[in-house]
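Asker: Structure here, sequence nowhere to be found:
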């Protein structure tokens, strides 16, 4: 997706053993190829994990149990209070489910990219760069761990429970917003993972910064925006675009007032925010790889 | 047209260091400094030099990982920096200490992934795989998880994986490091066959001069980012006046032995170190020592690259002073 490939008009040099024509140039072709490489790599890691079947089962169950306890804590809090920042338990569960689902899917799909710094230190990023495949696709699938599916599963269960108990007038726009939230939220978190890991091109131990934004961000989004300072909420709208994962669209779904009094359009702007985040992450990755390879800094 | 063309290539790194509480200094370090050489199709070139000489920086530029700061590079008709992915189809790379095989999966799976990522047509893949399996004796290991392979077996697996897509150039970074004698020989035999039998151009960096001796018709010595020797290995020894060492264990402590063509450089109890020119055979020397002294044990040590290079420098200076045209390609830095 993001490194310097064939320049325009580069000669198609013939050569015995040149390999079949690599996918170069056009973006759709490269993206499709990148996804295939991601898929192949993820499949290899999954089969590697299956070499230790018992360990895989235990880890997955443990993962589910640990994340399950996570929501129990919030539910217990509601034993003592009827609402949190004016939001009821089912509404908070809605936030929890949508944030957890988006974060969990992103973590499953590209989460291990935070090991980039380690690969740079050990020099194994070079092995990635001598293969005829996009480095980002290879790195995103690096150490793919199917057991991470525990979190999105648990979040889906909480979300289902929330939807079952919410008193919402399910008009078509509200219904449509649900899958849009899931997809855009996943893209936003995935972009944050990639963008955060790019920092490791410049500072090898920047993984913590990225964790703060991704894992920390997911925790933030589990609670209603009304419990936080307005400056913080504004930061998630105009800075790190976390608010577009669930806060803003949830305002429309649940019919709640906006603590920031933003225009109505913001509640439907998640696709635009996701596209922007993905583009920014792509550019940052490109810049990081360039600096690693030494074409600029 | 040459397969590898390196034309005035330099690479600098910026090193930032802390110089006080808030001050930071930036320093430019030249890892490679004005490199010029070409490699023809089918050559086997040893690329040697001490640690930090610029070897791996060169290989990283030739494989498209690093972009040169200055100069021009071309490998197999491709500019490595601009067309990394296209280049990847035409080169094979083996990093001696970094395996590309999948640790927990059978060897077969790693090869299969190469087929799919490099998009090797099925029939060609089959042919190449059969050839590698036979020559490297990997057939019985195909279903063994890589983690259960010995270091030597794993290296053979890595070699096969690097050749399944018919690369025109094979880069090897310390391919025999850590291997036992049997595995080393096997790897060398295979590489010779790949180079002479199949015509693949080979560029190898190594610390083991024996690798170079057995495989390469041409040696490039690099130091401080420059080529200080480019020619045959014999010429390198001649120019560098390098010496091998015969270590003899006598039955009892003995005054320094006296034999023609060698001099004692060290005595330690019954053990003595004799230096002799690398170009000479050790056999007559051993015979003479054995005939005249109570010899218990012996070993021959090859000159270390660092020593050869150190001597190369002193030889270069002496040569320049005497105006001796050595013929061999010592390029003055």
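Answerer: All right, it came through fine. Worth saying up front: this structure is predicted, and the values here are computed from it rather than measured.

Asker: How far does the top helix by length along chain A sit from its chain's centre?
Answerer: Identified as the longest helix of chain A according to DSSP state H is helix A:172-198. Computed by CA atoms, centre = their mean, to the nearest Å, the separation of helix A:172-198 from the middle of its chain amounts to 7 Å.

Asker: other SSEs contacting it?
Answerer: Using 3 or more CB pairs under 8 Å, 6 or more residues apart in numbering or on different chains; DSSP states H and E, the elements in contact with helix A:172-198 are helix A:89-110, helix A:116-122, helix A:135-140, helix A:207-221, helix A:247-254, helix A:270-293. Where C-beta positions appear, they are placed from N, C-alpha and C, glycine not excepted.

Asker: Any buried residues in it, and which?
Answerer: A:177-178, A:181-182, A:184-198 (16 or more other CB atoms under 10 Å in any protein chain shown).

Asker: Between the helices and strands packed on helix A:172-198, which one is closest to chain B.
Answerer: Nearest to chain B, of all the helices and strands packed on helix A:172-198, is helix A:270-293, at 5.0 Å by CB to the nearest CB.

Asker: Run through who's touching that closest one.
Answerer: A:1-4, A:120, A:125, A:129, A:135-136, A:180-181, A:183-185, A:187-188, A:190-192, A:194-195, A:198-202, A:241, A:244-245, A:248-249, A:296-297, B:65-67, B:81 (CB atoms under 8 Å, 6 or more residues apart in numbering or on different chains).

Asker: Next: stretch B:261-270.
Answerer: B:245-246, B:249-254, B:256-257, B:272-277, B:280, B:284-285, B:296.

Asker: can you rerun that using 6 Å?
Answerer: The contact list for stretch B:261-270 (CB atoms under 6 Å, 6 or more residues apart in numbering or on different chains) reads B:249, B:250, B:252, B:253, B:256, B:272, B:273, B:274, B:275, B:276, B:285.

Asker: swap in stretch B:102-112?
Answerer: A:44, A:48, A:51, B:101, B:141, B:142, B:143, B:145, B:146, B:147, B:157, B:161.

Asker: Out of these, which end up buried?
Answerer: The buried subset of those (16+ other CB under 10 Å) comprises A:44, A:48, B:101, B:141, B:145, B:146, B:157, B:161.

Asker: What is the nearest of those to residue A:269?
Answerer: Nearest to residue A:269 among the buried ones among the contacts of stretch B:102-112: residue A:44, at 37.9 Å, using CB to CB.

Asker: Where does the closest one fall, secondary structure wise?
Answerer: Using DSSP states H and E, residue A:44 sits in helix A:27-49.

Asker: tell me which strands and helices that helix is in contact with?
Answerer: helix A:135-140 (3 or more CB pairs under 6 Å, 6 or more residues apart in numbering or on different chains; DSSP states H and E).

Asker: Let's see that with 10 Å instead.
Answerer: helix A:53-77, helix A:89-110, helix A:135-140, helix B:107-117 (3 or more CB pairs under 10 Å, 6 or more residues apart in numbering or on different chains; DSSP states H and E).

Asker: which stretches of the chain have low pLDDT?
Answerer: Unless you meant another one, I'm taking chain A. Scanning chain A with the threshold set as pLDDT under 70 gives A:1-26, A:295-297.

Asker: not what I meant, chain B
Answerer: Applying pLDDT under 70 to chain B flags residues B:240, B:305-306, B:313-333.

Asker: which residues of the stretch 1-150 of chain B fall in strands?
Answerer: Applying DSSP state E, counting those that start in this stretch to the stretch 1-150 of chain B gives strands spanning B:4-18, B:24-39, B:44-48, B:70-75, B:91-95.

Asker: for the last one, packing partners?
Answerer: Same thing as strand B:91-95. helix A:125-129, helix B:55-62, helix B:151-163, strand B:169-173, strand B:201-205.

Asker: got those as TSV, with distance to residue A:165 columns?
Answerer: Output for the helices and strands packed on strand B:91-95, formatted as TSV (distance: least, CB to CB, whole Å):
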stretch	distance to residue A:165
helix A:125-129	47
helix B:55-62	59
helix B:151-163	55
strand B:169-173	61
strand B:201-205	66
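
Asker: Quick one: closest of the ones you listed to residue B:17.
Answerer: When the helices and strands packed on strand B:91-95 are compared (using CB to CB), the closest one is helix B:55-62, at 19.6 Å.

Asker: close to chain A, is the closest one?
Answerer: Yes: for helix B:55-62 and chain A, the contact criterion (CB under 10 Å from any CB of the partner chain) is met by B:56, B:57, B:59, B:60, B:61.

Asker: most neighbours, which of those residues?
Answerer: residue B:61 (28 neighbours; other CB atoms under 10 Å in any protein chain shown).

Asker: Measure how buried the closest residue to that one other than its chain neighbours is and give me the count.
Answerer: Nearest residue to residue B:61 in three dimensions, chain neighbours excluded: residue B:68, at 5.2 Å (CB to CB, 6 or more residues apart in numbering or on different chains). Each residue near residue B:68 was counted by other CB under 10 Å, and the total is 25.

Asker: cool, residue A:70 as well?
Answerer: Neighbours of residue A:70 (other CB under 10 Å): 17.

Asker: got it, and residue A:239?
Answerer: Neighbour count for residue A:239, taken as other CB under 10 Å: 10.

Asker: Let's have the buried ones among the contacts of stretch B:102-112 in a markdown table, adding distance to residue A:36.
Answerer: Below are the buried ones among the contacts of stretch B:102-112 laid out as a markdown table (distance: CB to CB, whole Å):
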| residue | distance to residue A:36 |
| --- | --- |
| A:44 | 13 |
| A:48 | 19 |
| B:101 | 21 |
| B:141 | 28 |
| B:145 | 25 |
| B:146 | 23 |
| B:157 | 24 |
| B:161 | 19 |
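
Asker: Closest to residue A:116 out of the residues you listed?
Answerer: residue A:44 (18.6 Å).

Asker: The helices and strands packed on helix A:27-49 into JSON lines, with extra columns for distance to residue A:232?
Answerer: Shown next, in JSON lines, are these (distance: least, CB to CB, whole Å):
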{"stretch": "helix A:53-77", "distance to residue A:232": "19"}
{"stretch": "helix A:89-110", "distance to residue A:232": "15"}
{"stretch": "helix A:135-140", "distance to residue A:232": "29"}
{"stretch": "helix B:107-117", "distance to residue A:232": "44"}
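
Asker: Go through stretch B:242-255 and flag the buried ones.
Answerer: B:242, B:243, B:244, B:245, B:246, B:248, B:250.

Asker: whoops, I mixed them up, stretch A:253-269
Answerer: Applying a neighbour-count criterion of 16+ other CB under 10 Å, one finds A:253, A:254, A:256, A:258, A:259, A:260, A:262, A:266, A:267, A:268, A:269 buried in stretch A:253-269.

Asker: before we move on, back to that, show me the contacts of stretch B:261-270 that map onto strands.
Answerer: Judged by DSSP state E, those include B:249, B:250, B:272, B:273, B:274, B:275, B:276 as members of strands.

Asker: So stretch A:117-137, near chain B or not?
Answerer: Yes: counting by CB under 10 Å from any CB, contacts between stretch A:117-137 and chain B involve A:122-135.
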